[in-house]
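> Take this sequence and fold it.
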Amino acid sequence: MKRHILATVVSAMSCLIGALYAGEAPASELKNYKDAADFGFLPENDGLKNADALQKAVEGGGTIAVFKKGTYAVSKTVMLDDNTRLVFGAGVSLKKVKADFPLAFLFVNRGAYDKKYNKNIRIEGLNLIVNGVDVDDPNIIGLRGHLSFFYVKDLRIENFRCYDLEKKEFCIHVCTFENILISDVIIRGMKDGIHLGRGKSFKISDCEFTTFDDAIALNAHDYSTSNPEVGWIEDGVVENITDLSQKNTTGYFCRILAGAWVDWREGMVVRRSDSVVSNGMVYRVVNKNIDGKTYVSKIRPTHKSGVKVLDGIYWAAVQEGAVYTAGVRNVVFRDIYLYKPRVAFSIHFDNDNWSRSYYPGADRVCQEGLVFDNVRVLHGKPLPFIASKTPIDVVVLKNCFLGKSKIVFTSNSEMKDFGKTFIRMYGCVYDFQGEYPVIVNNVKSKELDVFSSGTVMLGGKAAVSDASEKSVFNCDFLQNR
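Numbering: from 1, shown residues only. As a prediction, the model looks like this:
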């Protein structure tokens, strides 16, 4: 019922946008309609004047439209409040233009600065030109998107284009959210396309990516510079997505990142991006040096906000609540077309100089309920479809074309217990020559329970490689050899 209502709302919105573009908005809509040009938002103005004008236009919310064709320079962040709808007409582009101060966010919700939820924000038809204006150190720790939303409910971003994403900022970044829809998006460039932090109820659909880094990041945990809070990402759909190839690459089509940490204790050893719970709050190490340096913590962090230096450790007060784990659960990926040769889905912990997302001795965090339906690997390279370095309970693959890909489980040196994973495969297709291990388990402490039905091998013979003595394989692709 909820999805039916959402589909009806989205359909109604689309019809209304079309009417606005054609200059045929219904009278009821025109009553609260604001033309940004009336506030001085014009293609011929400089970026500072335009930023001030657009900020005035969006004050108090309502429907704000930009219809005059042209490229609009913007040199300051525009903050959005509750019940704000921005509609950009055909032929309109917003171009970030450097000023005498850093310009990280083009748009951000006003509540992001003091962690107060904003509701019902919609951006439709935006064409963003980054123009090389890319900031590595935004003024909200961990929030780094050109479009950034932090503490937001009922967010819609539709019909969005960006063709020149640079190396530092994500294109769209949303953290601590409820109910978001991102659809009809094309993003090309060097950094993450859509980057989510903790939140629940989301849909990403009808998108095309050509990105050097992750196309989509579901980073429940993250580098301290890449998400302002940590926690679970849950109840989502990612569908009808194309990941196009380019000459160079890093990252994954989708990064699915988990974490777990412990209570602060005197004498504990920490390093960059480590998290702890102290006095009912989560604190993170935000030291800037990316060198793997460790610190002995002797003084308990207790401050309520900001950053405080104790024992040479830069502790950021991240969020209230004794939260100890972060992960991804109950997400469906369907109708995905992967042309770019890289790991498709990385389900992992970080453990490098940038971040250690699992602290030794923390509770085992298990990512949950991931479904892959009609995901098609189209690049022909022998790369993992799933590369997992965290516990995960169930993985379901339906009607997937997997080519030469495989499912690989490897360990994280900080964690000992990887638990049991159920893998269910229905109607999937492989295409390779010779004998090929389609499932590889390199973790002795990890038990697999694998069932396959209707799996087709177009070329060679399938095999499995398993370091555990407890795994069970009830697979047609093995029985029919």
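> Parallel or antiparallel, list what pairs with whichever helix or strand residue 407 is part of.
Using DSSP states H and E, residue 407 maps to strand 406-409. Sheet pairing of strand 406-409 (DSSP bridges) gives strand 384-388 (parallel), strand 435-441 (parallel).
> distance between the helix or strand just after it and the chain's centre?
Once strand 406-409 ends, the next helix or strand along the chain (criterion: DSSP H and E) is strand 420-426. Put simply, strand 420-426 sits 25 Å off its chain's centre (CA atoms, centre = their mean, to the nearest Å).
> Report the angle between strand 420-426 and strand 435-441.
Regarding strand 420-426 and strand 435-441, their directions subtend 140 degrees when assessed with axes from the mean of the first three to the mean of the last three CA atoms, to 10 degrees.
> which other helices and strands contact strand 420-426?
Counting by 3 or more CB pairs under 8 Å, 6 or more residues apart in numbering; DSSP states H and E, the packing neighbours recorded for strand 420-426 are strand 394-398, strand 447-453. Backbone N, C-alpha and C define where each C-beta goes, glycine included.
> Distance to residue 479, mean neighbour count and mean pLDDT for those strands - can I get that in JSON lines?
Below are these laid out as JSON lines (distance: least, CB to CB, whole Å; neighbours: other CB atoms under 10 Å; pLDDT from 0 to 100):
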{"stretch": "strand 394-398", "distance to residue 479": "18", "mean neighbour count": "19", "mean pLDDT": "98"}
{"stretch": "strand 447-453", "distance to residue 479": "9", "mean neighbour count": "18", "mean pLDDT": "97"}
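> Tell me how many other residues crowd residue 367.
27 (other CB atoms under 10 Å).
> should've said residue 114
For residue 114, the neighbour count with other CB under 10 Å is 8.
> Tabulate the helices and strands packed on strand 420-426 (CSV), appending distance to residue 460.
Conversion of the helices and strands packed on strand 420-426 to CSV gives the following (distance: least, CB to CB, whole Å):
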stretch, distance to residue 460
strand 394-398, 19
strand 447-453, 16
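> Tell me which of the strands paired with strand 406-409 is the most buried.
strand 384-388 (a mean of 22; mean count of other CB atoms under 10 Å).
> what ranges do the strands span in the stretch 51-200 of the chain?
For the stretch 51-200 of the chain, the strands defined by DSSP state E, counting those that start in this stretch cover 62-66, 70-74, 78-80, 84-88, 92-96, 107-109, 118-124, 127-129, 145-165, 170-189, 194-196, 199-211.
> Most tightly packed of these?
Mean neighbour count (mean count of other CB under 10 Å) peaks for strand 194-196 among the strands of the stretch 51-200 of the chain, with a mean of 27.
> Identify the neighbouring strands of it in the sheet and state each direction.
Here, using DSSP bridges, strand 194-196 pairs with strand 170-189 (parallel), strand 216-219 (parallel).
> Now stretch 292-311: buried residues?
Of all the residues in stretch 292-311, those buried under the rule 16 or more other CB atoms under 10 Å are 295, 297, 301, 310.
> Show me which pair in these is furthest apart.
295 and 301 (12.2 Å; CB to CB).
> ok, back up a step: export the strands paired with strand 406-409 to JSON lines and tack on distance to residue 342?
As requested, those are exported to JSON lines (distance: least, CB to CB, whole Å):
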{"stretch": "strand 384-388", "distance to residue 342": "9"}
{"stretch": "strand 435-441", "distance to residue 342": "17"}
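> For these, please prepare TSV with the additional fields mean pLDDT and distance to residue 37.
Putting those into TSV (pLDDT from 0 to 100; distance: least, CB to CB, whole Å) gives the following:
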stretch	mean pLDDT	distance to residue 37
strand 384-388	98	50
strand 435-441	96	59
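> Of all these, which one is nearest residue 194?
Across these, residue 194 has its closest neighbour in strand 384-388 (19.7 Å, CB to CB).
> What count of nearby residues applies to residue 243?
Counted with other CB under 10 Å, residue 243 comes out at 25.
> quick one on the thing from earlier: redo the strands of the stretch 51-200 of the chain as CSV? Include distance to residue 395 and mean pLDDT.
Converted to CSV, the strands of the stretch 51-200 of the chain look like this (distance: least, CB to CB, whole Å; pLDDT from 0 to 100):
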stretch, distance to residue 395, mean pLDDT
strand 62-66, 43, 97
strand 70-74, 43, 98
strand 78-80, 38, 98
strand 84-88, 39, 97
strand 92-96, 40, 98
strand 107-109, 35, 98
strand 118-124, 34, 98
strand 127-129, 35, 98
strand 145-165, 29, 98
strand 170-189, 24, 98
strand 194-196, 20, 98
strand 199-211, 20, 98
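> what's the closest of these to residue 288?
Closest to residue 288 of the strands of the stretch 51-200 of the chain, according to CB to CB: strand 170-189, at 19.2 Å.
> would you turn the strands paired with strand 194-196 into CSV with distance to residue 364?
Formatted as CSV, the strands paired with strand 194-196 follow (distance: least, CB to CB, whole Å):
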stretch, distance to residue 364
strand 170-189, 24
strand 216-219, 19
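> so which of those strands gets nearest residue 110?
Nearest to residue 110 among these is strand 170-189; the distance by CB to CB comes to 14.5 Å.
> and that closest one, how far out from the chain's middle?
Mean C-alpha position of strand 170-189 versus that of the full chain (CA atoms, centre = their mean) differs by 7 Å.
> quick one: it to strand 145-165, angle?
Using the same axes, to 10 degrees: strand 170-189 against strand 145-165 is 10 degrees.
> quick revisit: could you export the strands of the stretch 51-200 of the chain as JSON lines, including distance to residue 44?
Formatted as JSON lines, these follow (distance: least, CB to CB, whole Å):
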{"stretch": "strand 62-66", "distance to residue 44": "14"}
{"stretch": "strand 70-74", "distance to residue 44": "8"}
{"stretch": "strand 78-80", "distance to residue 44": "19"}
{"stretch": "strand 84-88", "distance to residue 44": "17"}
{"stretch": "strand 92-96", "distance to residue 44": "13"}
{"stretch": "strand 107-109", "distance to residue 44": "22"}
{"stretch": "strand 118-124", "distance to residue 44": "23"}
{"stretch": "strand 127-129", "distance to residue 44": "16"}
{"stretch": "strand 145-165", "distance to residue 44": "22"}
{"stretch": "strand 170-189", "distance to residue 44": "27"}
{"stretch": "strand 194-196", "distance to residue 44": "33"}
{"stretch": "strand 199-211", "distance to residue 44": "32"}
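> right, and those strands - which one's nearest residue 387?
Nearest of those to residue 387, taken as CB to CB: strand 199-211 at 18.2 Å.
> report the angle between the axes of the closest one and strand 170-189?
Going by the same axes, to 10 degrees, strand 199-211 makes 30 degrees with strand 170-189.
> Which elements pack onto strand 199-211?
Contact here means 3+ CB pairs under 8 Å, 6+ apart; on that basis strand 199-211 packs against strand 170-189, strand 194-196, strand 233-243.
> please redo it, this time with the cut-off set to 6 Å
strand 170-189, strand 233-243 (3 or more CB pairs under 6 Å, 6 or more residues apart in numbering; DSSP states H and E).
> I'd like those as a markdown table, with distance to residue 60 appended.
Formatted as a markdown table, the helices and strands packed on strand 199-211 follow (distance: least, CB to CB, whole Å):
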| stretch | distance to residue 60 |
| --- | --- |
| strand 170-189 | 23 |
| strand 233-243 | 32 |
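> I'd like to know which of these is closest to residue 479.
strand 233-243 (32.6 Å).
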